[in-house]
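1. Quick one: sequence plus predicted model below, questions after.
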Amino acid sequence: MTASSAPRGPRRLWMPAGLLGLAALYVGYSWMDPELEDKFQIMRTFSAVALCLLLLPVWLLFFSGLRWRTRLASLGAGVLVLAGLVTAAIFLLRFDGQSGNAIPRFVWAWTPAHAGDRALPMLNVLAEPGQSKADLYSVSPTDYPQFLGRERLGVVRGVYLERDWKAKPPREVWRQPIGAGFSAFAVVGGHAVTQEQRGDQELTVCYDVATGKPLWTHANPVRFTDKTGDGPRATPTIDNGRVYVQGATGILDCLDGATGKAIWSRDVLKENKLPNLEWAKSNSPLIVDDLVIVTGGNADGPSLLAYKKDSGDLAWKAGSDKASYSSPVLATLAGRRQIIMLNANSVTGHDPTDGTVLWDYPWPAMWPKVTQPIAVGGDHLLISTGYGLGTALLEIKPSSDGKQTATELWKNLNLKPQFANNVVRDGYVYGLDDGTLCCLDLETGKRKWKAGRYRHGQVLLVEDLLVVLAEEPGDVVLVEANPEKHIELGRIRALEAKTWSSPVLAGRYLLVRNDREAVCYEVALRADAGSTKETEK
């Protein structure tokens, strides 16, 4: 053996073998953990691969025992291969947004690109004073006037859907392009109002439900852009003929529901010197008596702000936590009417008259809080968050100081919705546990079943049935609200791209949308299940 061919030292092959083995075990354990969310499984996989890419060259250069010529040649070859793969990816792939797990999505570079909201014609539909285009005063029992419906619970009562979609499938009424954003529809009197982005204009648009024709628009010259998607997030609220809507940058508008003309407007974040949230303002305004309630910004208070709904004057502001992506909800807990708010690090109950904090429950985590809290059973409150935090049931009781206290009855990881909302029926909770539909016993928190992979979509309860809008593709799925097992009754392909907006059912009209397209279906109703005259229209 010549000196030039002799190895410089022991090869220590156990080092790369051990590193790869440990990485494989770590990744395998992560993917076998049934309660670890997809987001964290993918993050752990990426971190394991990155660590191997970092440590293998260290072994090669300093511990492999190979000749230096071989070490450098091998390292150079590895760098060239990696650079080639990166270069190929740059030329062959195109970034196409993020999934609900915040994982980058890529498509082939030659895949036709979506034209986007900038390619859509700018809507400029105005009604002259005295020439009303829409009647938003006539509210019927089957209207859907705000985010998640009349009670802000994601529940439609008194409407009974046909269970056999093969025999009586939903009939498509209209389909059309829509501007960017994740707002849902609010529906009153056959008129559907939503937010969308077209170019540099953030729009509130009123559509005719029967035809899809735009009746009026209101525009603000702002645009929010981030890697999850552009445009407004919040759903409008319709009250007494007016539309209250908050855009992605914090502009709160009160609009005439007949014409779309502004009655008053407040730039909530700017006026209160509050920074915007990372993924924009997403809360839908809540009407309580003569007030319109919205949330704060990415600062330690105020977490809630109340404006006079007729004039826009500031009535009060309260709370010391940062805002979240959830919307305020009105409920009565332990005999006391209050505004419930899921904040960035807490859940709080507020007196509607002045915003006084009645109780405070810590709910800390570094991840966003989105899922709406649900008041159940008179003095119980269900709260949920994804990203490893889970679901808890709180009991609210009066305290000696005239306020209230919150006590945790149970908390577990059996339901971890990221930004899907849960629904409750007959003592059972239905929601998307990291994208898979599941059912929990409300009293104990025990999981009854988990099945049906719909990813990070949304769930709507319509009496005894669940309408699930899947994330991607945007299928509308009919599921029985059955605590014993998962029974899927029907499915239609409604939308193709990522779908995060909540589905809306107003009478027999089902409206769904994403950041590209809106669709209206007429769904068949069961005539023998107590349908009202309004649902038969």
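-> Now that the structure is in, tell me what you want to look at.
2. Verify the contact between residue 497 and residue 107 for me.
-> No - contact criterion CB atoms under 8 Å: residue 497 and residue 107 do not qualify, at 10.9 Å. Every residue, glycine included, has its C-beta placed from N, CA and C.
3. Strands of the stretch 101-250 of the chain, residue ranges please.
-> 104-108, 155-156, 171-177, 186-188, 191-198, 201-208, 214-220, 237-239, 242-246 (DSSP state E, counting those that start in this stretch).
4. ok, and for stretch 147-159, which residues are buried?
-> 147, 148, 149, 152, 153, 154, 155, 156, 159 (16 or more other CB atoms under 10 Å).
5. mind saving the C-alpha coords of it as PDB?
-> This file holds the C-alpha atoms of stretch 147-159, laid out as PDB (Å, rounded to 0.1, in the frame of the first residue of the first chain):
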ATOM      1  CA  PHE A 147     -70.500  35.100  10.300                       C
ATOM      2  CA  LEU A 148     -71.600  31.600  11.200                       C
ATOM      3  CA  GLY A 149     -75.300  32.400  11.100                       C
ATOM      4  CA  ARG A 150     -77.900  34.000  13.300                       C
ATOM      5  CA  GLU A 151     -76.400  32.900  16.600                       C
ATOM      6  CA  ARG A 152     -72.700  32.800  15.400                       C
ATOM      7  CA  LEU A 153     -72.600  29.100  16.100                       C
ATOM      8  CA  GLY A 154     -72.300  27.600  12.700                       C
ATOM      9  CA  VAL A 155     -75.800  26.100  13.100                       C
ATOM     10  CA  VAL A 156     -78.800  26.400  10.800                       C
ATOM     11  CA  ARG A 157     -82.100  25.500  12.500                       C
ATOM     12  CA  GLY A 158     -85.500  24.600  11.000                       C
ATOM     13  CA  VAL A 159     -84.100  23.500   7.600                       C
END
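6. pLDDT averaged over it, what's the number?
-> When pLDDT is averaged over stretch 147-159, the result is 96.
7. Please enumerate residues in contact with it?
-> Residues outside stretch 147-159 that contact it (CB atoms under 8 Å, 6 or more residues apart in numbering): 141-144, 146, 184, 186, 234-235, 237, 284, 286, 327, 329-330, 372, 374, 421-425, 458-463, 502, 504-505, 507-508, 525, 530-532, 535.
8. Buried subset of these as a PyMOL selection?
-> Entered in PyMOL, the line below selects the buried ones among those, by 16+ other CB under 10 Å:
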select buried, resi 142+143+144+146+184+186+234+235+237+284+286+327+329+330+372+374+421+422+423+424+425+458+459+460+461+462+463+502+504+505+507+508+525+531+535
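9. residue boundaries of the strands in the stretch 351-500 of the chain?
-> Using DSSP E, counting those that start in this stretch, strands in the stretch 351-500 of the chain cover 357-362, 374-376, 380-385, 390-398, 404-412, 423-425, 428-433, 436-441, 447-453, 458-462, 465-469, 474-480, 488-495.
10. Adding mean pLDDT and distance to residue 80, write those out as JSON lines.
-> As requested, those are exported to JSON lines (pLDDT from 0 to 100; distance: least, CB to CB, whole Å):
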{"stretch": "strand 357-362", "mean pLDDT": "98", "distance to residue 80": "52"}
{"stretch": "strand 374-376", "mean pLDDT": "97", "distance to residue 80": "56"}
{"stretch": "strand 380-385", "mean pLDDT": "97", "distance to residue 80": "45"}
{"stretch": "strand 390-398", "mean pLDDT": "97", "distance to residue 80": "46"}
{"stretch": "strand 404-412", "mean pLDDT": "98", "distance to residue 80": "50"}
{"stretch": "strand 423-425", "mean pLDDT": "98", "distance to residue 80": "54"}
{"stretch": "strand 428-433", "mean pLDDT": "98", "distance to residue 80": "44"}
{"stretch": "strand 436-441", "mean pLDDT": "98", "distance to residue 80": "42"}
{"stretch": "strand 447-453", "mean pLDDT": "96", "distance to residue 80": "40"}
{"stretch": "strand 458-462", "mean pLDDT": "98", "distance to residue 80": "46"}
{"stretch": "strand 465-469", "mean pLDDT": "98", "distance to residue 80": "46"}
{"stretch": "strand 474-480", "mean pLDDT": "97", "distance to residue 80": "42"}
{"stretch": "strand 488-495", "mean pLDDT": "97", "distance to residue 80": "43"}
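11. Present those as CSV; the columns should include distance to residue 191.
-> As requested, those are exported to CSV (distance: least, CB to CB, whole Å):
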stretch, distance to residue 191
strand 357-362, 36
strand 374-376, 28
strand 380-385, 32
strand 390-398, 36
strand 404-412, 39
strand 423-425, 25
strand 428-433, 30
strand 436-441, 32
strand 447-453, 33
strand 458-462, 20
strand 465-469, 21
strand 474-480, 22
strand 488-495, 21
